[in-house]
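J.: Kindly return the folded structure for what I paste below:
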Amino acid sequence: MKKCSQCGAPLPEGELFCPECGQEVQLVPDYETMGSRLQEQQRRQQEEAEKRREAQRLASEEAMLKKRKTRKSILILIVVLAAAVVILFAVKALNDQKNYNSFDYQLKKAETAYSNSDYTGALDYVTRALALDSENLDARMLLAQIYDKNGDSGRAAEEFLKIIEDQPDYDPAYGQLIKIYEEMKEPGKIKELLDNCPADIREKYKEYICEAPQFSLPEGRYDDLKSLEITADSGAVIYYTTDGTAPDTSSKKYSSPVRLEEGKTIVRAIAVNSLGVESEETEAAYTINLKVPSAPKISPKDGSYTSRTTTKITVAVPFGYKAYYAFDQKPTKDSTPYTGPVDMLEGEHIFYAILVNEDGTESIAASATYIYTKVAAATITPSPTKKPAHSSETEKPEDVTTPTPDPTHTPTPDPTDTPTPPPTDTPTPTPSVNPTPSVTPDDEGVDGSS
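T.: Have a look, this model is predicted:
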């Protein structure tokens, strides 16, 4: 089969032109010459060069295509990533917005921050949570606890009080608030809180209640010395003052009744229970104006007395009193105690006596002036009689003396105290008597004062 001289493609029989390159078919046989061979060689070289150029072109195009594809891929990737970032930011923004407006999320974040001791962060979250639901008890309790942890006990107490005002039966708020008051040393506020709470709450926290001490005497004025008893709850220790100053745990500890002396005394007391909770203070003022006892009654009354009449001085001593006496000067509690009738002193003397009650208060002194004279015993001289013849002795007269009264009481002497001798021719001598009139034994006692 013939081939095309131009492109070398096989030529079908009868074709006048090459079906591949269109070269006219040489009908006359071509004799192979040197020139034709050179032409063929050049043609082949040209073909090979053309093929190489085509291959390079194709390779270059392919490389360009790949490069373009890479750039496009990168661009697409960048666009995709950018879109993803935008989407992520959008999703995050939407999620953040959702969380920002979510009470549960904000409260949970606040609790997590609180448990991690991040009280500043916890405060921010719980504040937002309360902005979404201001009545939620958990959030309100957490807010008060955060204030307490931050050292703001006052604001914490305020928040707990608000919760209790809204929910009087909410037990946890009482426990937290009592703890704060205890740290603030405010026993009065603890008592006030529990005094106004439901019975079950008061019963639960009864160990924090320490009642104020009770005084056995109402305040006021008294006319005798008193002993004040102070009582408190079982197990509580009482501290008190009597000078009007506020008591504390360094004050005098009560162990026995307080003696109220004359004058004004202000007693102030507190009680401290086993938990160290102090009670409120009890205060009372007492004024003791001691009643002065009346002057004692002295018997006999003022007058002149002789040894033939009453010579004992008696003092009436009421029950519960003691008496003291002295001559010629007013007695005191240091003078001679009166234990029974006292002998008069010879001559003129003033007898003083006082009474002293159980409080040691002295009465004014009672007095009586006595003029006491000792009188010689009277002698009776019998009338002369005839002497018996057998007797050489002279009969001696009989002496008669005035009987001595019983020292324990004042006797009433017989009117015929001195015997009268029988009438005789010789006058009977009369005993010498003090010219001062004497007082009869029937005279009444003296109730006098000087």
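J.: from here on, contacts and neighbour counts on C-alpha atoms
T.: Fine.
J.: who are the neighbours of the strand or helix carrying Leu177, in terms of helices and strands?
T.: Assigned by DSSP states H and E, Leu177 belongs to helix 171-183. Helix 171-183 sits against helix 153-166, helix 187-195, with contacts defined as 3 or more CA pairs under 8 Å, 6 or more residues apart in numbering; DSSP states H and E.
J.: what residues does that helix touch?
T.: Met141, Ser153, Ala157, Phe160, Leu161, Ile163, Ile164, Pro187, Lys189, Ile190, Ile201, Val277 (CA atoms under 8 Å, 6 or more residues apart in numbering).
J.: Tabulate the helices and strands packed on helix 171-183 (a markdown table), appending mean neighbour count.
T.: Converted to a markdown table, the helices and strands packed on helix 171-183 look like this (neighbours: other CA atoms under 10 Å):
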| stretch | mean neighbour count |
| --- | --- |
| helix 153-166 | 18 |
| helix 187-195 | 18 |
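J.: weakest of those helices by average pLDDT?
T.: With a mean of 84, helix 187-195 has the lowest mean pLDDT of those.
J.: Let's have the helices and strands packed on helix 171-183 in TSV, adding distance to Arg268.
T.: Shown next, in TSV, are the helices and strands packed on helix 171-183 (distance: least, CA to CA, whole Å):
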stretch	distance to Arg268
helix 153-166	29
helix 187-195	16
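J.: residues touching the residue most central in space within the chain, list them.
T.: Using CA atoms, centre = their mean, the residue of the chain that lies closest to the mean C-alpha position is Glu278, 2.4 Å off. Glu278 sits next to Pro187, Gly188, Cys210, Ile270, Ala271, Val272 when contact means CA under 8 Å, 6+ apart.
J.: quick one on the thing from earlier: so the helix holding Leu177 versus helix 187-195, what angle?
T.: Calculated by axes from the mean of the first three to the mean of the last three CA atoms, to 10 degrees, helix 171-183 forms an angle of 160 degrees with helix 187-195.
J.: any idea of the mean pLDDT in helix 171-183?
T.: Regarding helix 171-183, the rounded mean pLDDT is 91.
J.: try stretch 50-67
T.: For stretch 50-67, mean pLDDT is 84.
J.: ok, and what's touching it?
T.: So stretch 50-67 is contacted by nothing (CA under 8 Å, 6+ apart).
J.: Just give me how far that stretch sits from the chain centre.
T.: Relative to the centre of its chain, stretch 50-67 is centred 101 Å away, using CA atoms, centre = their mean, to the nearest Å.
J.: Stretch 242-261 too?
T.: In this view, stretch 242-261 has its centroid 16 Å away from the chain centroid, taken as CA atoms, centre = their mean.
J.: can you pull the buried residues of that stretch?
T.: Using 16 or more other CA atoms under 10 Å as the test for burial, stretch 242-261 gives Thr242, Pro247, Asp248, Lys253, Tyr254, Leu260, Glu261.
J.: Against Ile270, how distant is the residue nearest to the centre of the chain?
T.: 7 Å (CA to CA, to the nearest Å).
J.: likewise Lys109?
T.: Distance check for Lys109 against Ile270: by CA to CA, it reads 46 Å.
J.: Check Pro218 too.
T.: Using CA to CA, Pro218 is found at 17 Å from Ile270.
J.: Pull the contacting residues for the closest residue to Ala246 other than its chain neighbours.
T.: In space, and not counting its chain neighbours, Ala246 is closest to Arg268: 6.6 Å by CA to CA, 6 or more residues apart in numbering. For Arg268, the contact set (CA under 8 Å, 6+ apart) comprises Tyr240, Thr241, Thr242, Gly244, Thr245, Ala246, Pro247, Glu281, Thr282, Glu283, Ala284.
J.: Which one's more surrounded, Lys109 and Ile270?
T.: Higher neighbour count among Lys109 and Ile270: Ile270, with 29 against 18, using other CA atoms under 10 Å.
J.: May I have the predicted confidence score for that one?
T.: So, for Ile270, pLDDT stands at 95.
J.: unless I'm mixing things up, it is touching Pro213, no?
T.: Yes. With contact defined as CA atoms under 8 Å, Ile270 reaches Pro213; the gap is 6.1 Å.
J.: Identify the contacts common to these two.
T.: With contacts taken as CA under 8 Å, 6+ apart, the residues that reach both Ile270 and Pro213 are Ile238, Ser279, Glu281, Thr282.
J.: what's the second one sitting at in phi/psi?
T.: The one in question is Ser279. phi -80, psi 170 (degrees, to the nearest 10).
J.: what's near enough to touch it?
T.: With contacts defined as CA under 8 Å, 6+ apart, the neighbours of Ser279 are Pro187, Gly188, Lys191, Ile209, Cys210, Glu211, Ala212, Pro213, Ile270, Ala271, Val272.
J.: What about those residues, which are in helices?
T.: Per DSSP state H, helices hold the following members of those: Pro187, Gly188, Lys191.
J.: which element is the closest residue to the second one other than its chain neighbours on?
T.: What it means is Gly188. Closest residue to Gly188 apart from its sequence neighbours, by CA to CA, 6+ apart: Glu280 at 5.6 Å. For Glu280, there is no host helix or strand (DSSP H and E).
J.: Next, count neighbours for Glu280.
T.: Neighbourhood size, Glu280 [other CA under 10 Å]: 20.
J.: Show me where the protein has its helices.
T.: Using DSSP H, the helices of the chain run over 34-100, 103-115, 119-132, 137-149, 153-166, 171-183, 187-195, 199-204.
J.: beta partners of the residue nearest to the centre of the chain?
T.: Note on Glu278: beta-bridge partners by DSSP bridges are Val272.
J.: State the distance from it to Ala246.
T.: Glu278 sits at a distance of 13 Å from Ala246 (criterion: CA to CA).
J.: now swap in Ala110 and tell me
T.: With distances taken as CA to CA, Ala110 is found 45 Å from Ala246.
J.: do Arg37 as well
T.: Arg37 sits 140 Å away from Ala246, going by CA to CA.
J.: just Lys264 next, same as before
T.: Applying CA to CA to Lys264 and Ala246 gives a distance of 17 Å.
J.: Please apply the same query to Ser234.
T.: 23 Å.
J.: Next: Cys4.
T.: Cys4 sits 137 Å away from Ala246, going by CA to CA.
J.: Equivalent analysis for Lys226, please.
T.: The gap separating Lys226 from Ala246 is 22 Å, by CA to CA.
J.: likewise Thr339?
T.: With distances taken as CA to CA, Thr339 is found 48 Å from Ala246.
J.: for Cys21, same thing?
T.: For Cys21, the distance to Ala246 - CA to CA - is 131 Å.
J.: For Lys109, which non-adjacent residue is closest in space?
T.: Tyr125 (6.4 Å).
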